[in-house]
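[1] Attaching a predicted model along with its sequence, questions to come.
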Amino acid sequence: MLTLYNKQLSSRLLLGTAQYPSPSILLDAIKASGTQIVTVSLRRETAGGRSGDGFWSIIRSLDVHVLPNTAGCHTAKEAVLTAQMARDLFATDWIKLEVIGNHDTLQPDVFALVEAARVLSDEGFKVFPYTTDDLIVAERLLDAGCEVLMPWCAPIGSAQGPLNTHALRSLRGHFPDVPMIIDAGLGRPSHAATVMELGFEAILLNTAVAKAGDPVAMARAFAMASEAGHAACHAGMLEPRDVAVPSTPVIGRAVFT
Amino acid sequence: MEVLVKGAGVAGLAAAHELAARGLRVTVADPWRGGGRAAASWYAGGMLAPYCERESAEQPVVELGLRAADWWEAALPGCVLRNGTLVLAPVRDAKELDRFASRTTGFERVGEESIATLEPDLGARFRKGLFFATEAHLDPRHVLVSLAAKLAASGVSFETDLSQYDSTRFDWIIECIGRSTPDKAIRGVRGEMLLLRTSDVSLSRPVRLIHPRFPVYIVPRGDHTFMVGATMIESDATGPITARSMMELLNAAYGLHPAFGEAEIIETGTGVRPAYPDNLPRVVREGRTIAINGLYRHGFLLAPAMAQQAADMILDERNRTP
């Protein structure tokens, strides 16, 4: 079981809800993935919608936890304000904290991230910070009150898969007891399996599923891959060897030539 | 046989035209006579681009939309421009063009030279594109207003106030009221757009600029005017365009051609598209009422097919009744 802020979950996949061809396909993808947590981004317009937001009521019809995010925020102040609005709108103290530092790479502004994480933790939020793979930033986020970390493995939506496995291994090794979710950069199921084999607890996906030719089938594929990687991590994987080792003993075999 | 069409947006006017053309007596009811700012279609791009739409829409959109250009041309001769659609990506996002190509059909790949032949102002700026030669576009506001006028001239009556109106005298009611419907399955998807005016750039056809985060299109409207659209936000809010959306749209226009930086912004607009959960339209009959709704971002593309389906329902029933 995966435990995030005292909540027990059996699924190891979190799914973003943006960019799907339609809400129907999104719903089918959520079901196919078996996810128990979906992320929802809050736009000001959503909060301003008066007549009951249609999209939001579709999400609410599902039996999943909602993790609102602060996507698109560029300063700590903006992210804190968005988090507060999200708490009212979605009735949860969970918040996926994103503070973007660069418009092109969408990489987190880690300084503003730590600042916002501290403010929000002090206000009682359960913060899921979207961060880089930097060890020291991770340490500061934990100091700020975060109990879960969400490092990227490549830029958001880039589908490049783990770019720096050394950094990811190091992060995993330094904080063995902190639940870590790989957020951003996964493109294909093999990427998911790879990071799960490294010992990460879960993955968060959006673009790789939403923009797939068949989002529903891809959601299922990612769910299987993350399960496979997780199981393998705990099953003790064979390390690579330089010599071939026959899997069937050859000594004592009858020789006919 | 008397039919009342509620709503004079693109769905309502298309239905009114189809029914009148098939010999039924039609009354259209809408606070705005024809088109008008309450309708999402007033803010539409007016692209008749079934192949391009397949990039994010499902196959029925292509099938239902293929004959739209012919239908509009027959309804209002001269209103359809068949110059195709040009899809471009900045060099940095060339991979996005491959992605778009892998999900669509009906195009040819074009290089710098062909782009320059099609759109001389863009030739040196883009190296790769997709050209959907058989697609078309129209000017939504011109079409809404002209079609309403043509219908009125041919005997369709228009009512602006229904409060004292006896709707029981009609044999059928066609409800085309978009987001105002009580149907709970319909949600609103907000779209924001701009109208720019500049004589420094000329375009002959809609141009879609692919961007992984902010895909936009620019549709030439004639008279040096260009429509830039459109955002897609899951919300019912009808308030004015936000600064962020405006920046995204303007950035894209500027990316297409820097001369748009000097253009005048002559209008900003916000519409709320009605959509069902699968983003596909429906014609739903209940008793003597037929509702056409959920045209989403495909109003002008799909309204003709929906109008034909509604008309078929009524006429099939009449033919069955002795």
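    Looks like it came in fine.

[2] wait, B:Glu113 sits on B:Gly123?
    Yes - between B:Glu113 and B:Gly123 there is a contact under CB atoms under 8 Å: 7.5 Å. Using the backbone N, CA and C atoms, a C-beta is placed for each residue, glycine as well.

[3] More neighbours: these two, which one.
    Remark: of B:Glu113 and B:Gly123, B:Gly123 carries more neighbours, 16 against 10, as counted by other CB atoms under 10 Å in any protein chain shown.

[4] what about the more buried one, which SS state?
    With DSSP: H, G, I helix; E, B strand; the rest coil as the basis, B:Gly123 sits in helix.

[5] For it, report the pLDDT, please.
    In this model, B:Gly123 is scored at 82, pLDDT.

[6] Spell out the secondary structure type for A:Met150.
    Under three-state DSSP, A:Met150 falls in the strand class.

[7] For A:Ser33, which non-adjacent residue is closest in space?
    A:Ala219 (3.9 Å; CB to CB, 6 or more residues apart in numbering or on different chains).

[8] Next up, the contacts around the residue of the stretch 101-250 of chain B at minimum distance from chain A.
    Minimum separation of the stretch 101-250 of chain B from chain A (CB to the nearest CB) falls at B:Arg187, amounting to 2.2 Å. By CB atoms under 8 Å, 6 or more residues apart in numbering or on different chains, B:Arg187 lies in contact with A:Pro23, A:Asp53, A:Gly54, A:Phe55, A:Ser57, A:Ile58, B:Glu234, B:Asp236, B:Pro274, B:Ala275, B:Tyr276, B:Pro277.

[9] Go again with 10 Å.
    Residues in contact with B:Arg187, defined by CB atoms under 10 Å, 6 or more residues apart in numbering or on different chains, are A:23, A:49, A:51-58, B:179, B:234-236, B:272-277, B:279, B:294, B:296.

[10] need the contact list for the spatially closest residue to it that is not a sequence neighbour.
    Counting by CB to CB, 6+ apart, B:Arg187 lies nearest to A:Gly54, which is 2.2 Å off, once chain neighbours are set aside. Neighbouring residues of A:Gly54 by CB under 10 Å, 6+ apart: A:23, B:179, B:184-189, B:234-236, B:274-277.

[11] Determine the number of other residues adjacent to residue 19.
    Reading this off chain A. A count of nearby residues for A:Gln19, using other CB under 10 Å, gives 16.

[12] look at chain B instead
    B:Leu19: 24 neighbours (other CB under 10 Å).

[13] Quick check: end-to-end length of stretch B:155-174?
    18 Å (CA to CA, to the nearest Å).

[14] all strands of chain A, in order?
    Under the criterion DSSP state E, chain A contains strands at A:2-4, A:7-9, A:13-16, A:37-41, A:65-69, A:94-97, A:126-131, A:150-151, A:181-183, A:202-205.

[15] Which one, of these, ends up nearest to B:Val143?
    Set against B:Val143 and scored by CB to CB, those come closest in strand A:37-41, at 35.2 Å.

[16] That closest one - contacts with which helices or strands?
    Secondary-structure packing of strand A:37-41 (3 or more CB pairs under 10 Å, 6 or more residues apart in numbering or on different chains; DSSP states H and E): strand A:13-16, helix A:23-33, helix A:54-60, strand A:65-69, helix A:76-90, strand A:94-97, strand A:126-131, strand A:202-205.

[17] Report the strands that pair with it, each with its relative direction.
    strand A:13-16 (parallel), strand A:65-69 (parallel) (DSSP bridges).

[18] And residue 120, what's its pLDDT?
    This is for chain A. On pLDDT, A:Leu120 comes in at 96.

[19] not what I meant, chain B
    Looking at B:Pro120, the pLDDT reads 93.

[20] roughly how far apart are the closest residue to B:Gly269 other than its chain neighbours and B:Ala68?
    Among residues not flanking B:Gly269 along the chain, B:Tyr43 sits closest, at 4.5 Å (CB to CB, 6+ apart). Computed as CB to CB, to the nearest Å, the B:Tyr43 to B:Ala68 distance reads 18 Å.

[21] Pull out the buried residues from the contacts of A:Gly54.
    Buried members of the contacts of A:Gly54, counted by 16 or more other CB atoms under 10 Å in any protein chain shown: A:23, B:179, B:186-189, B:234-236, B:274-277.

[22] Which member of the residues you listed is positioned nearest B:Ala14?
    Closest approach to B:Ala14 among the buried ones among the contacts of A:Gly54 (CB to CB): B:Pro274, at 14.7 Å.

[23] Determine which of the helices and strands packed on strand A:37-41 shows the lowest mean per-residue pLDDT.
    Lowest mean pLDDT within the helices and strands packed on strand A:37-41: helix A:54-60, at a mean of 78.

[24] so how far is it from its chain's centroid?
    On the basis of CA atoms, centre = their mean, to the nearest Å, helix A:54-60 is displaced by 22 Å from the centre of the chain it belongs to.

[25] List the buried residues of it.
    Using 16+ other CB under 10 Å as the test for burial, helix A:54-60 gives A:Gly54, A:Phe55, A:Trp56, A:Ile58, A:Ile59.

[26] For B:Tyr51, list the residues it contacts.
    B:61-62, B:65-66, B:84-85, B:87, B:104-107, B:130, B:132-135.

[27] brain fart, A:Ala79
    For A:Ala79, the contacting residues are A:69-73, A:95, A:97-100, A:109, A:112-113, A:115-117, A:119-120, by CB under 10 Å, 6+ apart.

[28] where does the stretch 51-200 of chain A have low pLDDT?
    A:51-53 (pLDDT under 70).

[29] I'd say B:Gly23 and B:Leu315 touch.
    Yes - counting by CB atoms under 10 Å, B:Gly23 does reach B:Leu315; the two are 9.0 Å apart.

[30] the more surrounded of the two?
    B:Leu315 (15 against 8).

[31] contacting residues for the more buried one?
    B:Met1, B:Leu19, B:Arg22, B:Gly23, B:Leu24.

[32] low-scoring stretches of the stretch 101-250 of chain B, by residue?
    The stretch 101-250 of chain B contains residues with pLDDT under 70 at B:162-165, B:212-213.

[33] Are there residues contacting both of B:Gly23 and B:Leu315? Which ones?
    B:Met1.

[34] The residue nearest to A:Ser33: neighbour count?
    Applying other CB under 10 Å, we find 27 residues neighbouring A:Ala219.

[35] And it, how far from A:Ser57?
    Distance, A:Ala219 to A:Ser57, by CB to CB: 21 Å.
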